[in-house]
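> Could you look at this predicted model? Sequence included:
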Amino acid sequence: MTDLTFRAAVLRSSQEPMRIETVVLDADPRPGEVLVRLKASGVCHSDYHGRIGEWTMPTPMVLGHEGAGIVEAIGEGVTTVEVGDHVVLCWTPSCGKCQYCIAGRPVLCDRFNETGAQHRSPDGTTRVRTVGNEEVFSFVALGTFGEYAMVPESAAVAVRRDIPFAEAALIGCAVTTGIGAAVNTAGVRAGSTVLVIGCGGVGLNIIQGAALAGARTVIAADLSDAKLDSARALGATHTINSGTTDLLDEVRRLTDGRGVEFAFEAIGLSKTIELAYQATARGGTATVAGQVPEGVTISIDPFEMSDQEKVLRGSNYGSSRPAIDFPRIADLHMEGRVQLSPLVTRRITLDEIDDAFEEMSRGVGIRAVVEYE
Ligand SMILES: [Zn+2]
Ligand SMILES: [Zn+2]
């Protein structure tokens, strides 16, 4: 066994600052594993839920799940990536064998709840430890707020080498979640009407996805005029500052009184999920793509649901098939058909991670990205 020591931001408690610690990893991949040297990691709202204790997490933990890097070593049996490949990490490692995987829905893999969701590798172990030999969990078996990660093969998806790492990292969560929610989950069609509530990392990508699919009307709603400007730049045809304008009135005004065919909620609040549903037209679909804190419930009118044949559905990771969607989105970015660079609003070192969380708590910027040497 060869020990690899590296720097990582370690969460000990939601009440304490994150600590930059030297941690240890057994550098020899086990069968089916890939050792990745991280080059970039986005700071996502799901990390924030863990950071501030809204989601229960085992500790100590290396957070971070939106990463890109270079394959350093592969374990026995690994065939889809080679040493030197540039990879985007996927936070739902999948088994490839269960009924969901076979049906082409790997983000719903049967094995995920036993492994990634427990922040453990598929063999049930954790791979990182402190120098004092304490077990360290890696968020969804990735832990991209560290310089290295040992991940299952299905979590390392090769992409073209000319895409910059910061942009590639965002494909690992916000971009795929957003574009996928529009294109895969909801199936936005050419000419359709769309509402997106919340213009953060996911919402802006739902807007890009809706525009890519040919939606005619894309209404963006947020409380921040700066985010609404970004929404326009990425394809929104109309914007609503819901702090100053009544969202439902304005949506109805823009849609001949009907509401939209496709509404999306990309914040994770019960109030805005209810609003998205209410803003959906008869026969339309409201999709929840926001990540909600534990314990939140919503209230909707079930009579309206049956009477108007309205659909309320969830979208996890954009209903993506990462092995197909990641390289495809990288191509779309490099061809200029989706724009990932405007999403990177701050570049930081690992030491500045808590500053990024603090900015996130104030709703500043779109994505801070940690860049590694
Ligand atoms: Zn995320
Ligand atoms: Zn599976």
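Sure thing, it's come through. Ligands and ions are numbered 1, 2, ... in the order given.

> So what touches the helix or strand containing Val218?
Under the assignment given by DSSP states H and E, the secondary-structure element containing Val218 is strand 217-222. Judged by C-beta atoms under 8 Å, 6 or more residues apart in numbering, the contacts made with strand 217-222 from elsewhere in the structure are 192-199, 203, 207, 210-211, 228, 231-232, 235-242, 247, 250-251, 254-255, 260. (Glycine included, C-beta is placed from N, CA and C.)

> what sits against the residue of the stretch 251-373 of the chain found nearest ligand 1?
Per C-beta to the ion, the residue of the stretch 251-373 of the chain with the smallest distance to ligand 1 is Gln291, at 7.5 Å. Taking C-beta under 8 Å, 6+ apart as the criterion, Gln291 is in contact with His45, Ser46, His49, Gly268.

> How are the helices of the protein distributed by residue range?
With DSSP state H as the definition, the chain shows helices at residue ranges 45-51, 99-102, 165-171, 174-180, 201-212, 225-233, 247-254, 270-278, 302-307, 322-334, 353-361.

> I'd like to know the average pLDDT value across the fifth one.
Translated: helix 201-212. Summarised as a single mean, pLDDT over helix 201-212 is 97.

> Kindly list the single helix or strand of this protein that scores lowest on mean pLDDT.
Across the helices and strands of the chain, mean pLDDT, DSSP states H and E gives its lowest value to helix 45-51, namely a mean of 89.

> Check whether that helix comes near ligand 1.
Yes: part of helix 45-51 sits close enough to ligand 1 to count as contact by C-beta under 5 Å from the ion, namely Ser46.

> on contacts alone, who are the packing partners of that helix?
The helices and strands touching helix 45-51, judged by 3 or more C-beta pairs under 8 Å, 6 or more residues apart in numbering; DSSP states H and E, are helix 353-361.

> Check which helices and strands the helix it packs on is in contact with.
Other elements packing on helix 353-361 under the criterion 3+ C-beta pairs under 8 Å, 6+ apart are helix 45-51, strand 344-348, strand 367-371.

> if we go to 6 Å?
helix 45-51 (3 or more C-beta pairs under 6 Å, 6 or more residues apart in numbering; DSSP states H and E).

> from the chain's centre, how far out does the helix it packs on sit?
11 Å (C-alpha atoms, centre = their mean, to the nearest Å).

> what do you get for stretch 278-296?
On the basis of C-alpha atoms, centre = their mean, stretch 278-296 sits 17 Å off its chain's mean C-alpha point.

> what do you get for stretch 112-124?
In terms of C-alpha atoms, centre = their mean, the centre of stretch 112-124 is found 18 Å from the chain centre.

> gap between Gln291 and Gly314?
Summarising the geometry, the distance separating Gln291 from Gly314, computed by C-beta to C-beta, to the nearest Å, is 11 Å.

> got JSON lines for the contacts of Gln291, with neighbour count too?
Supplementary listing: the contacts of Gln291 in JSON lines, determined by neighbours: other C-beta atoms under 10 Å:
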{"residue": "His45", "neighbour count": "21"}
{"residue": "Ser46", "neighbour count": "23"}
{"residue": "His49", "neighbour count": "20"}
{"residue": "Gly268", "neighbour count": "21"}
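
> Among these, list the two that are farthest apart in space.
The largest distance within the contacts of Gln291, taken as C-beta to C-beta, falls between Ser46 and Gly268 and amounts to 9.4 Å.

> okay, now the domains of this protein?
What the record gives for the chain is the domain set 3-172+340-371, 178-317, from automatic domain parsing.

> how near is Cys8 to Tyr48?
To be clear, residue 8 is Ala; Cys isn't right here. In this structure, Ala8 lies at 18 Å from Tyr48, with C-beta to C-beta as the measure.

> And for Leu350?
As for Leu350, its distance to Tyr48 is 16 Å (criterion: C-beta to C-beta).

> For Phe145, give me its contacts.
Listed by C-beta atoms under 6 Å, 6 or more residues apart in numbering, the contact set of Phe145 reads Ala9, Ser41, Val62, Leu63, Gly64.

> Just the closest of those to ligand 1, please.
Relative to ligand 1, the closest of the contacts of Phe145 is Gly64; by C-beta to the ion it sits at 9.3 Å.

> quick one: pLDDT of the closest one?
In the prediction, the pLDDT value recorded for Gly64 is 97.

> Just the closest residue of the stretch 251-373 of the chain to ligand 2, please.
Closest point on the stretch 251-373 of the chain to ligand 2, by C-beta to the ion, is Arg321, at 11.9 Å.

> how about stretch 148-161: buried residues?
For stretch 148-161, the buried set under the neighbour-count rule, 16 or more other C-beta atoms under 10 Å, comprises Tyr148, Ala149, Met150, Val151, Pro152, Glu153, Ser154, Ala155, Ala156, Val157, Ala158, Val159.
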